[in-house]
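Visitor: sequence first, predicted coordinates after that:
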Amino acid sequence: MLLTIDCGNTHVVFGIFDHSDLSYSWRIDTLATNNKKHFLEIFKEKLKNLNLTIKHFKYVILASVVTEAETCFNFFEKSLSIPFISISSSLLKLPIEIDLHEPSQVGADRLVNAVAGSSLTQSDVIIVDFGTATTFDIVTMVSGMPIYKGGIIAPGVNLSLEALTRAASKLPKIDLSVHPSKVSVIGKNTLDAMWSGIIWGYVGMIEGIIHRIEVETGNSFRIIATGGLASLYLPYCELIKWQEPNLTLLGLKQIAEINGYK
């Protein structure tokens, strides 16, 4: 089995692959990495609940964008005592070219998403990731080889909403997990107006950015959405036809296979 780990600013997402199949996935708060021993205990307890042990794994691959979690994952690696590679390793082979002056500046999760997105579509693709930030990553295909061209980083939906409610004390707090069945553009009260901003404000940004990417490159792209809030926007964003919640885990599996996992 293969253990994939995607450590983001808000959550650490684990995925377990049995050959090509994603058998299990779960997430915990990234803050748990502040206590490395407790983090390992949480992981072992989860394995126990799944009737698995560390001996089931042949390989571990990690993508992390959280520098502060490095100590925790170093401890995690030593404790597991099985082959363990990180996307940040200079020894890692990647099935994508990076067309940037400083390739090291690409976030590990964004690079992995680019690998997975280009593999799934086999075409020019834009990956829109609704995470702590809302990111856009652009990949073009040249003679069958995916080329990472760069991207856009915008404030995430939760961050924008938190900033808004902090700055305007009379505005109510909104739980994004409980949303209206339909959101109109013109709000008839404060709450409806806020939902319009949350939905249509971001739809306008997303579709506007995609349009500008296509104008700047002269290409047309397939669009893949991923991240925790992607499903909130699919009913409203006409340009997004494809959602893949496990995109990062799938990309990690693909990279692990190229680097020795069978």
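Guide: Nice, thanks for sending it over.

Visitor: which residues does stretch 213-228 contact?
Guide: Contact partners of stretch 213-228, identified using CB atoms under 8 Å, 6 or more residues apart in numbering, comprise 11, 113, 117, 120-121, 123-131, 134, 136, 138, 140, 149, 210, 233-234, 237, 239-248. Backbone N, C-alpha and C define where each C-beta goes, glycine included.

Visitor: are any of those buried, and which?
Guide: 11, 113, 117, 120-121, 124-131, 134, 136, 138, 140, 149, 210, 233, 237, 239-240, 242-244, 246-248 (16 or more other CB atoms under 10 Å).

Visitor: tell me where the stretch 1-150 of the chain is predicted with low confidence.
Guide: Low-confidence segments of the stretch 1-150 of the chain (pLDDT under 70): none present.

Visitor: helices along that one, start to end?
Guide: Using DSSP state H, counting those that start in this stretch, the helices of the stretch 1-150 of the chain run over residues 36-49, 70-80, 108-121.

Visitor: ok, now which ones touch residue 131?
Guide: Contacts for residue 131 were tallied using CB under 8 Å, 6+ apart; they are 8-10, 109, 156, 227-228.

Visitor: can I get the residues you listed in a markdown table with distance to residue 256 and neighbour count?
Guide: Shown next, in a markdown table, are the contacts of residue 131 (distance: CB to CB, whole Å; neighbours: other CB atoms under 10 Å):
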| residue | distance to residue 256 | neighbour count |
| --- | --- | --- |
| 8 | 19 | 24 |
| 9 | 23 | 14 |
| 10 | 24 | 15 |
| 109 | 15 | 27 |
| 156 | 28 | 22 |
| 227 | 21 | 27 |
| 228 | 23 | 21 |
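
Visitor: of the helices of the stretch 1-150 of the chain, which is nearest residue 2?
Guide: Set against residue 2 and scored by CB to CB, these come closest in helix 70-80, at 12.7 Å.

Visitor: that closest one to helix 36-49, inter-axis angle?
Guide: 50 degrees (axes from the mean of the first three to the mean of the last three CA atoms, to 10 degrees).

Visitor: just use 43 as the starting number from now, easier for me
Guide: Sure, I'll start numbering at 43, so the last one becomes helix 112-122.

Visitor: would you map the strands across the protein?
Guide: Applying DSSP state E to the chain gives strands spanning 44-49, 53-60, 63-71, 101-106, 126-128, 139-140, 167-172, 175-184, 187-197, 264-268, 284-285.

Visitor: most packed of these?
Guide: Each of the strands of the chain was scored by mean neighbour count; the highest is strand 167-172, a mean of 27, by mean count of other CB atoms under 10 Å.

Visitor: show me what that one is packed up against.
Guide: Contact partners of strand 167-172 among helices and strands, from 3 or more CB pairs under 8 Å, 6 or more residues apart in numbering; DSSP states H and E: helix 150-163, strand 175-184, helix 244-259, strand 264-268, helix 272-275.

Visitor: tally of neighbours for the nearest residue to residue 89 once chain neighbours are set aside?
Guide: Nearest residue to residue 89 in three dimensions, chain neighbours excluded: residue 95, at 6.2 Å (CB to CB, 6 or more residues apart in numbering). Neighbour count of residue 95, defined by other CB atoms under 10 Å: 10.

Visitor: right, I'll call it a day here.
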